[in-house]
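**Student:** sequence plus predicted model, see below.
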Amino acid sequence: MRKIIVLENVSLDGYFAGPNGEIDRLVASAHAGNQAESNEYAIDSLNSVDTLLFGRVTYELMASYWPTANCDEE
């Protein structure tokens, strides 16, 4: 049987996005400001799964981003 792994980004007050739907705080606050560690964790996590399940809003955000993403950018 396969494992189900849940990865959520939620603030202490229970919110994911800011009051206007912005998610820019996630980059700034990831792993107490250690962006390299956050990126490494995300890459390792993505390499260990074969399916991702998003909610509607996150899916729409990802679907609009990935066709235009430049994978060489850091």
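**Tutor:** Right, received. Where do you want to start? What you see is a predicted model, and the numbers here were worked out from it, not measured in a lab. Numbering: from 1, shown residues only.
**Student:** show the subsequent helix or strand relative to the worst-scoring helix or strand of the chain on mean pLDDT.
**Tutor:** Lowest by mean pLDDT, DSSP states H and E among the helices and strands of the chain is helix 25-29, with a mean of 56. Reading on from helix 25-29 to the C-terminus, the next helix or strand found by DSSP states H and E is helix 35-47.
**Student:** buried residues in that following helix?
**Tutor:** By neighbour count on 16 or more other C-beta atoms under 10 Å, the buried set for helix 35-47 is residue 38. C-beta coordinates here come from the backbone N, C-alpha and C atoms, glycine included.
**Student:** what is the subsequent helix or strand relative to it?
**Tutor:** Using DSSP H and E, the next helix or strand after helix 35-47 towards the C-terminus is helix 56-65.
**Student:** contact partners of that next one?
**Tutor:** If you take C-beta atoms under 8 Å, 6 or more residues apart in numbering as the criterion, helix 56-65 is touched by 23, 54.
**Student:** if we go to 7 Å?
**Tutor:** With contacts defined as C-beta atoms under 7 Å, 6 or more residues apart in numbering, helix 56-65 is touched by residue 54.
**Student:** so how far is that helix off the chain centroid?
**Tutor:** From the chain centre to the centre of helix 56-65 is a distance of 11 Å (C-alpha atoms, centre = their mean, to the nearest Å).
**Student:** with stretch 43-60 instead?
**Tutor:** Taking C-alpha atoms, centre = their mean, one finds stretch 43-60 lying 8 Å from the centre of the chain it belongs to.
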